[in-house]
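Peer 1: Pasting the sequence and the predicted coordinates here, then a few questions.
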Amino acid sequence: MTTKMVKTACQLCSGCCGMNAYVEDGKIVRVEGTPDHPANHGKLCPKGATSTDMVYSPQRLQYPMKREGDSWTRISWDEALDTIATKLQKVKDEFGPQSAVVAMGMVQLTQGIGSQGLIRRFTDLYGTPNVFSVDSMCFRCRLIGHILTSGKYSIADPENAKTILVWANNPEDSAPYYGWLMQRALAKKPKLIVIDPRKTALAKKADIHAQPRPGTDGALALGMLNVIIGEKLYDAAFIEKYTVGFDKLAEHVKQYTPEKVAEITWVPADTIREIARTFARNQPATIVQGTNPLDQQASGIHNSRLLVMLECLTGSFEVPGGYVTTPALRISDFRFPDKMQGTPIGLEKFPLFYGVFGRMFGESQGMLLPELILSENPYPIKAAIISGSNPMATWPNTNKLRRALQKIDFLVVMDLFLTETAKLAHMVLPAASFFERTDLVDMYRLMFPLPYVMLRKKVIEPVGESWADLKFWMELGKKMGYGENFPWKEPEEAIDWMLKPSGLTVKQLTDEKPEGAYIGNMRYKIYEQKGFQTPSGKVELFSEALAKMGREALPTFKENPESPVSQPDLAREYPLVLTTGARILPFLHSQLRNIPRMRRRFPEAVVEVNPVTAAKYGVKEGDMVTISTKRGSIDVKAKVTSDIIPGVLNIAHGWGEANVNVLTDETPADTISGYPALKGLLCKMEKKKA
Ligand SMILES: Nc1nc2c(c(=O)[nH]1)N[C@H]1C(S)=C(S)[C@@H](COP(=O)(O)OP(=O)(O)OC[C@H]3O[C@@H](n4cnc5c(=O)[nH]c(N)nc54)[C@H](O)[C@@H]3O)O[C@H]1N2
Ligand SMILES: Nc1nc2c(c(=O)[nH]1)N[C@H]1C(S)=C(S)[C@@H](COP(=O)(O)OP(=O)(O)OC[C@H]3O[C@@H](n4cnc5c(=O)[nH]c(N)nc54)[C@H](O)[C@@H]3O)O[C@H]1N2
Ligand code: SF4
Ligand SMILES: [Mo]
């Protein structure tokens, strides 16, 4: 029997590790890490190594289905497309295109730039401005914070750093590919500082580990600035030449003395001083920021602004081992933004979420969607397509979201499995997995200092009648009469069109560079020639843009809407601080719990609780407890561990029964980005009543 090997990229987290897939008789028989791939150097984590279990899971959706009462009826793709096209046209004619919405999950964002691009091409041509993604609670906030401050998005460079500050990030579970990079970096013996309420694997190796109360990181960063500026540990030449607002910032941070910050954060004042001094004195210093924890707080934008400031003020900006920027690929834009009609949800409240300094993201703030659907104010939502997302598990405030989704006249879900969200749909569409479709992976530059792209290649034919997401949006476009703008027969042709300005082709990336291609070199201190892409051309410590919007121009710490400080009365009934969503290795959000080899590694949901807190509430290891917030309750098993600070509970998201998002609130907490506070809310814990 002949064995074929295809070089592709894993898609079970943002690392997009290079993967060699071996195929016999049209079936994948084995996968291994691509030896020379710069993201993973031949390794795969357990998720990647067992990824074929997902592909060949007996639970995969095999064909399109429509719901009739409580049962599902198989339909053809043609009928599915006809029905969707007819409904969408009707909504557009009767209510306007803004009454149909599209929501994309993380897999759409990591899938590649082609699929996202084609979805936006479709929604633009249809006219709806209401496109949502998980960026309403992940990553976009930090992007805005960075651009507002330095005009660009920068990332850490641990391998060249003398100090590595890991702030709310746990690569051991959330990013094994980054864990391998950290191992290489730590072999060079830099100072390691970790800021995390839990003792993560990295925290256990750290020179300094600070355990803040969830939701108070902004105060901690301001305390660091207080010490760095107060003790003149900064790079005066850089500040003088390249920043605006330093004097105002210096005055502003005087109020955040280590003693005051210690009260807010629960981190001892001396530890705050030690962190600030270690960071400023051992340069270059780099901050490895978690992908969402600092965003999902009331101070979300300020938090990211503060991290950029820490790098800039200490002279670590755009130098190896500090904050660096990776070049991007030049590609054609699939979008037609001027064809959008109506006002996107959230544009007035959160204009920066929509676009900043001419960089348009053009997405609506999803946290406003449930309320909009329920209130129909300013307009009703009549149809929705959810693709590559399982909001019933992953979006906050599940009970409210369920009511909202149930109110929609026509809900379509495209997924690999019949998820909790798909069960609410009127129609489900079977999606091809990442082994069954082609797209361009351009994530590396956002994760590592790695100017690299790779074609994620189709390894096998789609399982059952599943379709690649790209194919679905192209075919729906044709059905709706937009064929002129979807002239491609196969997704690969669309990707080729997109790639034109880069000089690369699908063929090249398949035949000549199957393991990927470098797209440029790292460059440092680009600002010396080009300045900063902000209105002032400098790093904006004081932000006129924020001032004009009536927001705090200087970085300011704000308590979460629910905290022992912001709501002392509520805290009497709900005395514990809850942080949610810390990743666990075998699962990707709500995915892979149905894969036995992964489930065995982590069989059931747990709440992490410190022994002191457990004793206070009469809870023992393994007890079932009920955790409640103002929004609801869940039952979950107690894991008593001194790896978490007293007074704080941690529950991962993505579980079916013990769904932590029953407890969370979708109300925007950060008034600039509209992000919810998923890190740091008030809850109570009781032993489950028999
Ligand atoms: N296995 C797995 N990997 C994943 C994912 C997954 O679902 N599963 N999801 C992917 C996605 S989309 C994302 S966004 C990333 C997220 O990955 P990370 O950025 O690493 O985020 P988390 O694991 O949520 O949290 C990291 C650490 O932040 C700590 N933390 C919680 N609250 C706070 C707080 O208020 N302050 C501070 N300082 N620390 C806090 C937690 O204790 C945890 O150890 O992971 C990606 N990788
Ligand atoms: N409480 C709390 N909630 C959180 C977080 C938290 O920290 N705390 N983290 C948030 C973050 S950072 C994120 S990014 C979100 C993630 O939220 P989601 O993106 O909704 O997460 P998933 O559960 O991974 O959902 C992806 C779905 O896509 C399906 N799928 C897989 N491959 C494909 C494909 O190729 N095509 C299609 N169409 N479908 C596919 C999967 O089966 C799965 O059902 O969760 C958020 N939710
Ligand atoms: S770290 Fe694991 S899950 Fe993430 S891309 Fe690599 S192999 Fe896949
Ligand atoms: Mo995320």
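Peer 2: Great, that's in hand. Ligands and ions are numbered 1, 2, ... in the order given.

Peer 1: What count of nearby residues applies to whichever residue of the stretch 551-690 of the chain sits closest to ligand 3?
Peer 2: Closest contact between the stretch 551-690 of the chain and ligand 3, by C-beta to the nearest ligand atom, is at residue 588 (7.2 Å). The C-beta positions use only the backbone N, C-alpha and C, and glycine is treated the same way. By the criterion of other C-beta atoms under 10 Å, residue 588 has 22 neighbours.

Peer 1: for it, what are its contacts?
Peer 2: By C-beta atoms under 8 Å, 6 or more residues apart in numbering, the contact set of residue 588 is 12, 13, 47, 106.

Peer 1: Residue 73 now?
Peer 2: Neighbour list for residue 73: 65, 66, 67 [criterion: C-beta under 8 Å, 6+ apart].

Peer 1: got it, and residue 491?
Peer 2: 114, 118, 437, 438, 439, 468, 470, 471, 474.

Peer 1: so the closest residue to it other than its chain neighbours, which of the three states?
Peer 2: With sequence-adjacent residues excluded and distances taken as C-beta to C-beta, 6 or more residues apart in numbering, residue 491 is closest to residue 470, at 3.7 Å. Here residue 470 is recorded as helix under DSSP: H, G, I helix; E, B strand; the rest coil.

Peer 1: Can you get me a residue count around residue 470?
Peer 2: Residue 470, neighbours per other C-beta under 10 Å, totals 26.

Peer 1: ok, it touching residue 114?
Peer 2: Yes. Using C-beta atoms under 8 Å, residue 470 is in contact with residue 114, at 5.7 Å.

Peer 1: Now do the shared contacts for those two.
Peer 2: Taking C-beta under 8 Å, 6+ apart as the contact rule, residue 470 and residue 114 both touch 438, 439, 491, 494, 495.

Peer 1: check contacts around the last one.
Peer 2: This points to residue 495. Counting by C-beta under 8 Å, 6+ apart, residue 495 makes contact with 114, 438, 439, 440, 455, 470, 506.

Peer 1: let's see 6 Å
Peer 2: When the contact criterion is C-beta atoms under 6 Å, 6 or more residues apart in numbering, the partners of residue 495 are 114, 440, 506.

Peer 1: For the stretch 301-450 of the chain, which segments are assigned as strands?
Peer 2: Taking DSSP state E, counting those that start in this stretch as the criterion, the stretch 301-450 of the chain carries its strands at 323-324, 355-356, 359-360, 383-387, 410-415, 427-430, 439-441.

Peer 1: quick one: contacts of the fifth one?
Peer 2: The contact list for strand 410-415, computed with C-beta under 6 Å, 6+ apart, reads 87, 383-387, 421-422, 425-429, 431.

Peer 1: what residues go with each domain of the chain?
Peer 2: Following automatic domain parsing, one finds the domains of the chain at 65-138+367-501, 154-324+532-548, 568-687.

Peer 1: To residue 58, which of these lies closest?
Peer 2: Across the domains of the chain, residue 58 has its closest neighbour in domain 568-687 (9.6 Å, C-beta to C-beta).

Peer 1: gap between the closest residue to ligand 3 within the chain and ligand 1?
Peer 2: Residue nearest to ligand 3 within the chain: residue 48 (2.4 Å; C-beta to the nearest ligand atom). Distance, residue 48 to ligand 1, using C-beta to the nearest ligand atom, to the nearest Å: 11 Å.

Peer 1: now the domains of the chain as CSV including mean pLDDT?
Peer 2: Converted to CSV, those look like this (pLDDT from 0 to 100):
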stretch, mean pLDDT
domain 65-138+367-501, 97
domain 154-324+532-548, 98
domain 568-687, 98
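
Peer 1: What's the PyMOL line that selects buried ones from the contacts of residue 491?
Peer 2: Entered in PyMOL, the line below selects the buried ones among the contacts of residue 491, by 16 or more other C-beta atoms under 10 Å:
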select buried, resi 114+118+437+438+439+468+470+471+474
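
Peer 1: Quick check, pLDDT for residue 689.
Peer 2: Residue 689 carries a pLDDT value of 88.

Peer 1: can you pull the contacts of residue 660?
Peer 2: Going by C-beta under 6 Å, 6+ apart, residue 660 touches 580, 651, 653.

Peer 1: Okay, and which of those map to strands?
Peer 2: In strands, judged by DSSP state E, the following of the contacts of residue 660 are found: 580, 651.

Peer 1: Residue 603: which of the contacts of residue 660 is nearest?
Peer 2: Closest to residue 603 out of those is residue 651 (15.4 Å), distances taken as C-beta to C-beta.

Peer 1: Please enumerate the strands of the stretch 451-600 of the chain.
Peer 2: Residue ranges of the strands in the stretch 451-600 of the chain, as given by DSSP E, counting those that start in this stretch, are 452-456, 517-518, 539-540, 576-580.

Peer 1: do you know which of those lies nearest residue 280?
Peer 2: Among the strands of the stretch 451-600 of the chain, strand 539-540 comes nearest to residue 280, with 16.7 Å by C-beta to C-beta.

Peer 1: That closest one: how far from the chain's middle?
Peer 2: Here strand 539-540 is found 25 Å from its chain centre; the criterion is C-alpha atoms, centre = their mean, to the nearest Å.

Peer 1: and residue 683, which of the strands of the stretch 451-600 of the chain is closest to it?
Peer 2: Judged by C-beta to C-beta, the one of those that comes nearest to residue 683 is strand 576-580, at 4.2 Å.

Peer 1: name the helices or strands packed onto that closest one?
Peer 2: Using 3 or more C-beta pairs under 6 Å, 6 or more residues apart in numbering; DSSP states H and E, the elements in contact with strand 576-580 are strand 648-651, strand 679-687.
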